[in-house]
Every structure is written in C-alpha cells, then in structure tokens.
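Engineer: Structure for the following, please:
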Amino acid sequence: MSEIAYLSATELHRRIASGKLSASELLETYLDRIDRFNGIINAVVVDVRDQARAAAAAVDKALAAGRSSGPLAGIPMTIKESYNLAGTPTTWGNPDWRGNVPTSDALAVRKLKDAGALVLGKTNVPLALADFQSYNDIYGTTNNPYDPARTPGGSSGGSAAALAAGFSALEIGSDIGGSIRNPAHFCGVFGHKPTWNLLSPAGHSGPGENRAGPDIAVIGPLARSAQDLDTAMRIMAGPDAIMARGFRLALPEMPADGLRGMRVAVWRDDELCPVSAEVRGRVDLVARMLADRGARVDFDARPDFGSDHSHRTYQDLLQATMSARMPDSDYESLRRYVATLDPDDDSNTARVLRAQVSSFKDWSAANELRHRLRWQWHAFFERYDLLLTPIMPTAAFPHDHRPFGERTIQVDNLEYPYFQQVFWAGLTGVAHLPSTVIPTGLNDAGLPIGLQLVGPEYADLITIGAARELEADGCRFTPPPGYA
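Structural biologist: Residues are numbered from 1 along each chain as shown. Take a look at the predicted model:
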C-alpha cells in the first residue's frame, strides 16, 4: 500500500469522496507504516490514533449517508508538536513544559478538523524550535528518511520527515528562520511560509493562553504536492474574530496564462551565504524550466538594498524575538553579561548578544528599517512577479549535536558558521514575503534539494500556483527508498 500512502491529499480525498477508498482504510495504512518505520525515523512522537479512528469512522458514516464532505474529509494528517492539540502535551521540546497539556486545539488545527482532516499524531521539534535539526531530551532525535545519519531539518523536521516517510498525507509547521522551508528542502517535500499574519497562530504557543503572535514567525502547511498547499492555505487563512469585523480575505489568484509572461528574478547565490555548486545548478535548472514556460527570467535583478543590510536588520529583530522565550533568570544573566561588552566590539557575536537584550528604542529602530525593506520589496515586485532563490546552501547535513558555538556548515569543502545558513530564509522572512519551497529531485547522494519561490506580500496563491506548474514539469516529490 505504499503507493496509496504517497498520493497527494488531493487525490486521496477524491478517492474517498468517490467511494473508492474509505477514510478508515486509509488511516490504517498510515498507522501501519508508522508502526513499521517510525522506529527508524522517529518523526511521530505523540500518538492519538484512537481519536483519529473515531473521526475516520464518522467520515465514512457521513459519506455512506450521502452527506457532503469537507475538502479534507478523511485525510489523515500530523501536526507539529508545538501546536496545541487537546489532551496532549505541547512542550516545544522543553522538559520543563512536559506538564503543559492544553484543553483545546489551536485555531489552525480546529479549522483543518472542521474541513474533515483526521489528526493522528504530533511530530518532533528541536528545543524551543531553535535549530536546523530536530532533537530534544523528551522525544529524542528525528532522522532524515533519505539518510537516517542526516538531519531532516528544523524546526518542523518531524513534519517534513513524516510526509517523506509516508506517515501522513498533510502537515502544518511554523517558520521564523526557515523552519518550514529548510525541512521541506531537506526532505524533498513542498512547504509554504505564508505572508506574515495571514494565518492566525492562536494556539501555536507554549504554556498559557498566548494571543499575540511573535514577530516574523508564521504558521503554514507542508505537503507532497503544491495543490495540497493551496487547499490547506485556503482553509487556514483569514482574519481572526476581531479583524473579521472589517477585513475580508481576497488573495490574488494565479493568472490564467500561468507562468507565461511572468517576470522572474533569480538570486542564485550570495557572498553572505555561499551555496554549493549543486544548489546553484538546481537554481539554473529551474530558471530554465521557468523560461520554457514562457516566463521572462532575469539573473541580475535585485531590490534596492544590500543583502548585508537586510540580514543585519533580520538578525536584530530575530534575536530579540527569540530571546523573549528565555526564562527570566537566563535573560537577566545575559543582560548583565552584555553590559560588560566593550562598546567598540562590533563582532557578529557581540551584535547578536546585544540584539537579544535590545531596548524597545533599539528594537523600534530595527523595526523601522524592516518596514523600509518592505517598501523596497514592494517597489521590486512592481517590476517582477516572482523571485527564485536557494533556501539552504547544501543538501541535508549529518547530525551534529555539539554546542552551537562548535558547529560549522561545510559548503564545497569550505567551512562557514553554522547559523550563517539562516540567510536565505531571513532574506524574505524579515519582510513578511510569502515563500514556497519546491523539490527539484535528488542529488548524486540520493538527497533532496529544494528551492524557494518568493512573491510580494499576499501573493501566496501565486507562488503556490507557480510551484504547481513546475511540479507538472518535474519538480515533484520523490519517495525515499526502503519504506515500501
């Protein structure tokens, strides 16, 4: 039944709705695969199969009675551990949060369930959702289905690994520094980082009823097809109850001519975060595919700012947001240490530490720079419709659980700082831009390589639509061997 497990959620729903496949049969297919293969991958770390079985039986009963079904009726899915799912722990990989067991579902989970999805479990994350790898002291390490010696990415690493291993048909993750996009790239699936605040993050949080979504961070879907991203986005997007008094969702759609005539800029490499020759080769490959579709491709186009300025602005805002998750005692200790730094020290380490304890005045200055970047991107996207870039400099790398300061990333035999990899995610994340990751196939080592398609704010359905056209031309999910 592996061929069934790897079908898109769209195709699975069509079969269920037509009576060719029951929701219960499909669910058992995924549960059987989890029982057989999750010991190798360790992607699904919270199991709620009894609830999923009851929901599947209800879907089958409704369809047998001729009642209409939602767009995801009968589709088994998993969700990132950081989402609230009533009656299960939401720990973010933090042992101190083991006792955080919410009594209600996150808003996005509720919307997906209302559309008929069957949540069968939750997937693994790194501690505090703050790594390109997914391991923690509660649930252990998640492995890449294409090579268990390598990371599946983070922080939605369990999400991408579950999809690639055929454990579920759909997933939802979150992204502040590529946490949807780099796992999608490492595991060969599709992922979408939405326009900021387009999807409500209510219930994607640690202990307490947190209503304010963090700066830069978004929630969004991962899937094995671009059409599945489109379906999930339409279900989850929209204003919350307060905004709905005056706002209505009206996202622009993919033009009738598709990619033909679209103006596509290509940012294939950057000295601030060099990418491997094989990643550059995939950028060139997809650029040719776009041109073959009738797009006008420009390798020289850039927005009116330097990448170093954008990245420093992103880091200032990112570090301030991430440090807000620190325990008070750790934050106070860090603040005291930063006060001892030499005022003339402008090293990367010093800048990061200062940003983590920045004053509101300093944060506001960085926020103003960010909004200027948004307007510069707006001007850029008046001249271009899409931007194609890498999302990470290499394919999935081997597990490396050393302290952060000891880690490096190797790109074509040269070593770079570990967190330099966040550049390509931050380039678009800081300015709220939607970004869709597409798989481009496997490299010579059998590892996936993905790229990101970026559009102007609220062009989410257009970047996903472009991904759908490229999927038809060959940029599609390739199952890993050994999980039949």
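Engineer: Could you measure from the most centrally placed residue in the chain over to P71?
Structural biologist: Nearest residue to the geometric centre of the chain (CA atoms, centre = their mean): I180, 1.2 Å. Look at I180 and P71: by CB to CB, to the nearest Å, they are 21 Å apart. Using the backbone N, CA and C atoms, a C-beta is placed for each residue, glycine as well.
Engineer: picking that back up, can you tell me how far the residue nearest to the centre of the chain is from S69?
Structural biologist: Taken as CB to CB, the span from I180 to S69 is 27 Å.
Engineer: Kindly report the same for A169.
Structural biologist: For A169 relative to S69 (CB to CB), the value is 15 Å.
Engineer: Neighbour count for those two, which is higher?
Structural biologist: Comparing A169 with S69 by other CB atoms under 10 Å, the one with more neighbours is A169, at 34 against 16.
Engineer: Ramachandran coordinates for that one?
Structural biologist: Torsion angles at A169 (phi, psi; degrees, to the nearest 10) stand at phi -100, psi -10.
Engineer: Then R110?
Structural biologist: Dihedral pair for R110: phi -60, psi -40, per degrees, to the nearest 10.
Engineer: Kindly report the same for G153.
Structural biologist: Backbone torsions of G153, given as degrees, to the nearest 10, read phi 100, psi 180.
Engineer: Find the nearest non-adjacent residue to it, please.
Structural biologist: Spatial nearest neighbour of G153, chain neighbours left out: P183 (3.2 Å); criterion: CB to CB, 6 or more residues apart in numbering.
Engineer: can you map out the strands along the stretch 51-200 of the chain?
Structural biologist: Assigned by DSSP state E, counting those that start in this stretch, the stretch 51-200 of the chain shows strands spanning 76-80, 118-123, 135-136, 140-141, 171-175, 190-193.
Engineer: what's the spacing between L21 and Y483?
Structural biologist: From L21 over to Y483 (counting by CB to CB), the distance is 20 Å.
Engineer: again, but for D444
Structural biologist: D444 is 21 Å from Y483, by CB to CB.
Engineer: again, but for L285
Structural biologist: Where Y483 is concerned, L285 sits at a distance of 27 Å (CB to CB).
Engineer: list the helices and strands the one helix or strand E469 maps to packs on?
Structural biologist: Element membership of E469 [criterion: DSSP states H and E] is helix 460-472. Secondary-structure packing of helix 460-472 (3 or more CB pairs under 8 Å, 6 or more residues apart in numbering; DSSP states H and E): strand 190-193, helix 226-236, helix 277-292, strand 386-390, strand 435-442, strand 448-454.
Engineer: Can you list the low-confidence ranges for this structure?
Structural biologist: Scanning the chain for pLDDT under 70 picks out the ranges 1, 209-211.
Engineer: if we can go back for a sec, count of residues packed around the residue nearest to G153?
Structural biologist: Counted with other CB under 10 Å, P183 comes out at 39.
Engineer: Report the contact partners of it.
Structural biologist: Counting by CB atoms under 8 Å, 6 or more residues apart in numbering, P183 makes contact with 134, 152-157, 159-161, 173, 191, 222.
Engineer: Relative to I462, which of the residues you listed is nearest.
Structural biologist: G191 (16.2 Å; CB to CB).
Engineer: Quick check: the closest one touching G173?
Structural biologist: Yes. Taking CB atoms under 8 Å as the definition, G191 is a contact partner of G173 at 7.1 Å.
Engineer: Need the overlap of contacts for those two.
Structural biologist: Common neighbours of G191 and G173 (CB under 8 Å, 6+ apart) are 156, 160, 180, 183, 220-222.
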